[in-house]
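J.: following is a predicted model, sequence given first.
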Amino acid sequence: MSTSYDEGKMQPWQVFHAARKTLGANIVARIFNREVRSAHNWAQDPANTECRCKSPLELLHTLFERLDAAGSGYVARAGIDYLATAIDPAAQVDGIRDPLPTIHEEILADYSAVARLQQAIEAGADLKTINNLKKEAIEEVERTVARYARDRKDG
């Protein structure tokens, strides 16, 4: 039987909160062929709401847990593996891609990303381009910090 969910990780309601924020409640609801209210309900922190319904993630968790308990864990694993094909293999739960091999390479990538942003601003690029370059620069800095943290596993 599977172990209980690690409370330190993103909870199902947080996934739906982020999905609703990123895609909009209408799109999230449409994906699941449900009313918009369901998308809002799934995104609520259960500690702060009285209206509680299980999200599709929670329902899948229950299904996979029961399959595992019934001796069909391989079916649950196949379902999880299928779901994993929906995302970029390099995507990390914390949103940070794998860092480059050395901190020096990471720092150079930071400078390059910030330089591209600066050049676009100076050239009068449109706001969408500027926001995309800003996001890339922030992601580069996050990777540098992740590389630094990985290298500092000294206590």
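T.: Perfect, thanks for sending it.
J.: show me where pLDDT drops low in the protein?
T.: 1-8, 88-99, 153-155 (pLDDT under 70).
J.: apply 80 and report the result again.
T.: The chain contains residues with pLDDT under 80 at 1-9, 49-52, 87-101, 150, 153-155.
J.: which helix runs longest in the protein?
T.: Longest among the helix segments of the chain by residue count, using DSSP state H, is helix 127-151.
J.: buried ones in that helix, by neighbour count?
T.: L133, E136, A137, E140, V141, E142, R143, T144, A146, R147 (16 or more other Cβ atoms under 10 Å). Where C-beta positions appear, they are placed from N, C-alpha and C, glycine not excepted.
J.: just send those residues back as CSV, with distance to A84 too.
T.: Formatted as CSV, those follow (distance: Cβ to Cβ, whole Å):
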residue, distance to A84
L133, 29
E136, 25
A137, 28
E140, 25
V141, 27
E142, 22
R143, 22
T144, 27
A146, 21
R147, 25
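J.: closest one of those to A70?
T.: Proximity of the buried residues of helix 127-151 to A70 was ranked by Cβ to Cβ; the top entry is A146 with 39.3 Å.
J.: what's the longest helix of the chain packed up against?
T.: Contacts defined by 3 or more Cβ pairs under 8 Å, 6 or more residues apart in numbering; DSSP states H and E place helix 127-151 against helix 103-122.
J.: so which elements touch the helix it packs on?
T.: Helix 103-122 packs on helix 127-151, going by 3+ Cβ pairs under 8 Å, 6+ apart.
J.: next, the angle helix 103-122 makes with the helix it packs on.
T.: Angle of helix 127-151 versus helix 103-122, following axes from the mean of the first three to the mean of the last three Cα atoms, to 10 degrees, is 170 degrees.
J.: gap between helix 127-151 and the chain center?
T.: 15 Å (Cα atoms, centre = their mean, to the nearest Å).
J.: can you check stretch 43-61 too?
T.: Chain-centre distance of stretch 43-61: 18 Å, with Cα atoms, centre = their mean.
J.: what's the end-to-end length of it?
T.: 17 Å (Cα to Cα, to the nearest Å).
J.: contacts for it?
T.: 5, 12-13, 15-17, 19-20, 25, 32, 38, 41-42, 62, 79, 83 (Cβ atoms under 8 Å, 6 or more residues apart in numbering).
J.: quick check: of the buried residues of helix 127-151, which lies closest to A109?
T.: Taking these together and measuring to A109 by Cβ to Cβ, the closest member is E140, at 5.0 Å.
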